[in-house]
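1. Provide a 3D model corresponding to the input given below.
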Amino acid sequence: MKTASIATLLLLTASSATAFSTARISSHSVTQSSSSTSLNLFGSKPKDPNQPQQPGMMDQLAMFKKAQEIATKKKKLDDELSNETITGTSAEGNIEITVKYVPPQLPANPTPGYEAAAVSINEDYLKEVKAEDLSVALVEAIRDGESKATARVAEKYKELEEDMKSIMGGMAAGPQ
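-> Below is the predicted model:
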C-alpha cells in the first residue's frame, strides 16, 4: 500500500512538473502566435511570395555592427573637426575670428555648435574705427566663421551620409 502511494505520488509529480524537464505530452492544446515583428534566426520566408523576405537575427546583428562602425566614424569626425581652426574675416581682413566646432553632447545637447575661440583685430584699424562699425564687423566675422565651419562640417559628414545610405537602403537622404 505504501509503495503504491509513493508510485502514484511520483507519477503525478513527474507529469505536472515542467520546469527544467523535457516536454511532456498532455491534453492541453498549445497555440503559437506570430507577429509581424517576430524574426527567425536566418530570416523568415513570407507567406505571400510577392512580399520581400523579412530580415532575420543575423541581418540585425550585421546592421548593429554597421551602426557601431558608423558611430565610431562619427566620433572620429567630430574629434577631427573640433581640432580644426576655421577663420572668419571681415572689414577687409582687419578682423579675424577663429571658430571651433563643438560636437553634440548627447543626449543633453544633441545639436552641434560653434565657439569663437580667438579674435584678432588689426591695431591700425582699431584706432580709426567707430564703435558701431567695429560691432558690425565683429558680427560679420563671426557669421563668416560659422558659415565656413558649417560648410566644413557638411563636407566631412558626406562620407558618413554615404555609409548611412548603404545601411538604410538609400532612405537616409540628407537635406538638399
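
2. From here on, just use CA atoms for contacts and neighbour counts.
-> Will do.

3. Surely residue 93 forms part of a helix?
-> No: looking at residue 93 with DSSP: H, G, I helix; E, B strand; the rest coil, it is coil, so not inside a helix.

4. what number of residues lie near it?
-> Neighbour count for residue 93, taken as other C-alpha atoms under 10 Å: 12.

5. And it, its phi and psi?
-> Reported as degrees, to the nearest 10, the phi and psi values for residue 93 are phi 90, psi 0.

6. Then residue 92?
-> phi 60, psi 40.

7. and residue 163, what pLDDT?
-> Residue 163 is assigned 75 on the pLDDT scale.

8. tell me which residues in the helix or strand hosting it are buried?
-> Taking DSSP states H and E as the definition, residue 163 sits inside helix 131-168. Of all the residues in helix 131-168, those buried under the rule 16 or more other C-alpha atoms under 10 Å are 134, 137-138, 140-146, 148-149, 153, 156-157, 160-161, 163-164, 167.

9. Could you list the low-confidence segments of this structure?
-> With pLDDT under 70 as the threshold, the chain has low-confidence stretches at 1-49, 51-58, 167-176.

10. Which parts of it are helices?
-> All helices of the chain, identified by DSSP state H, fall at 2-16, 57-83, 123-128, 131-168.

11. Turn those helices into TSV, including distance to residue 91.
-> TSV is the format used below for the helices of the chain (distance: least, C-alpha to C-alpha, whole Å):
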stretch	distance to residue 91
helix 2-16	88
helix 57-83	26
helix 123-128	9
helix 131-168	6
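
12. For residue 108, find the nearest of the ones you listed.
-> With distances scored as C-alpha to C-alpha, the stretch of these nearest to residue 108 is helix 57-83 (16.4 Å).

13. Quick check: buried residues in the closest one?
-> 66, 70, 73-74, 77-78, 81-82.

14. Considering the residues you listed, which is situated nearest to residue 123?
-> Nearest to residue 123 among those, with distances taken as C-alpha to C-alpha, is residue 82, at 29.1 Å.

15. which residue packs closest to the closest one, ignoring adjacent ones?
-> In this structure, residue 82 finds its nearest non-sequential neighbour in residue 101, 4.8 Å apart by C-alpha to C-alpha, 6 or more residues apart in numbering.
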